[in-house]
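K.L.:
Provide a 3D model corresponding to the input given below.
(one chain, ligands or ions: 1)
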Amino acid sequence: MDAMQALYSRRSIRKYTSESISEQAIKELLEAAMSAPSAGNQQPWHFVVIHDRKLLDQIPSLHPHSLMCREAQTAILVCGDPTLEKHVGYWVQDCAAATENLLIAVHAKGLGGVWVGVYPREERVIGFRKLLHIPEHVIPFALIPLGHPAEEKPPQPDRYNEARIHKNSG
Ligand SMILES: Cc1cc2nc3c(=O)[nH]c(=O)nc-3n(C[C@H](O)[C@H](O)[C@H](O)COP(=O)(O)O)c2cc1C
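P.N.:
Predicted coordinates:
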């Protein structure tokens with residue numbers, strides 16, 4: 001799939017079939033995530049791959065907008081690690097770039113996924129830390145539940161907005 005086509009046809013997919021996702025596909029998704037740009041190429045991230053059905057089923061009890069985890073075959077939790085930073089404070093932007101890369105790769109491979117926001121909601125950060133035994137210095141950032149799509153979405157509405165474009169001044 002061409003990069004521009006992937007950007008414009010990606011949608012949040014929240015319904016999945018029961019078909020599992022191969023380890024090879026997961027590896028390719030993680031390679032795409034880790035190819036994201038980061039400040040000074042610091043790559044301050046970790047990825048927790050969640051396959052365990054019991055864990056996936058518990059996620060909606062700690063995150064109110066994550067019911068799709070009960071259908072998802074896998075979910076990937078993108079985490080930030082400020083102890084890996086060379087440029088303090090940029091880990092959030094770095095993790096957002098990795099998350100978007102991951103989402104686009106999911107779509108380009110014919111899978112479906114959705115960005116579920118975790119950071120900066122303290123209760124969600126703490127909830128994921130507890131559930132997945134994540135060390136204190138690592139910050140759960142975003143969850144991507146994924147699977148083979150069981151819903152089709154129309155193409156994205158056009159979000160181009162001239163009013164948000166400013167030339168030479170804000
Ligand atoms: C930072 C962020 C947090 C989000 N959190 C959630 C969430 O908790 N649950 C959910 O179902 N979707 C979540 N979304 C997905 C958005 O609802 C979705 O991207 C938006 O409605 C646009 O739809 P589209 O992705 O199909 O283009 C989140 C997206 C972003 C970027």
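K.L.:
Helices along the protein, start to end?
P.N.:
Counting by DSSP state H, the chain has helices at residues 3-9, 23-34, 53-62, 91-108, 122-132.
K.L.:
any chance of the ones you listed in CSV, with mean neighbour count and mean pLDDT too?
P.N.:
Where you see a C-beta, it was placed from the backbone N, CA and C, and this is true even at glycine. What follows is those, written out as CSV (neighbours: other Cβ atoms under 10 Å; pLDDT from 0 to 100):
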stretch, mean neighbour count, mean pLDDT
helix 3-9, 12, 92
helix 23-34, 16, 98
helix 53-62, 14, 98
helix 91-108, 21, 98
helix 122-132, 16, 98
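K.L.:
Go through these and name the closest to the ligand.
P.N.:
Nearest to the ligand among the helices of the chain is helix 91-108; the distance by Cβ to the nearest ligand atom comes to 7.8 Å.
K.L.:
and that closest one, does that touch the ligand?
P.N.:
No - judged by Cβ under 6 Å from any ligand atom, helix 91-108 and the ligand are separated, with a smallest distance of 7.8 Å.
K.L.:
okay, that helix in PDB with CA atoms only?
P.N.:
Output of helix 91-108 as PDB, limited to C-alpha atoms (Å, rounded to 0.1, in the frame of the first residue of the first chain):
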ATOM      1  CA  TRP A  91       9.800  11.100  25.300                       C
ATOM      2  CA  VAL A  92       6.000  11.900  24.800                       C
ATOM      3  CA  GLN A  93       6.600  13.100  21.300                       C
ATOM      4  CA  ASP A  94       8.800  10.100  20.500                       C
ATOM      5  CA  CYS A  95       6.300   7.600  21.800                       C
ATOM      6  CA  ALA A  96       3.500   9.400  19.800                       C
ATOM      7  CA  ALA A  97       5.600   9.000  16.700                       C
ATOM      8  CA  ALA A  98       6.100   5.300  17.400                       C
ATOM      9  CA  THR A  99       2.400   4.800  18.100                       C
ATOM     10  CA  GLU A 100       1.300   6.400  14.800                       C
ATOM     11  CA  ASN A 101       3.900   4.300  12.900                       C
ATOM     12  CA  LEU A 102       2.500   1.200  14.600                       C
ATOM     13  CA  LEU A 103      -1.100   2.200  13.700                       C
ATOM     14  CA  ILE A 104      -0.200   2.800  10.100                       C
ATOM     15  CA  ALA A 105       1.600  -0.500   9.800                       C
ATOM     16  CA  VAL A 106      -1.300  -2.300  11.300                       C
ATOM     17  CA  HIS A 107      -3.500  -0.900   8.600                       C
ATOM     18  CA  ALA A 108      -1.000  -1.400   5.800                       C
END
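K.L.:
Cheers, nothing more for now.
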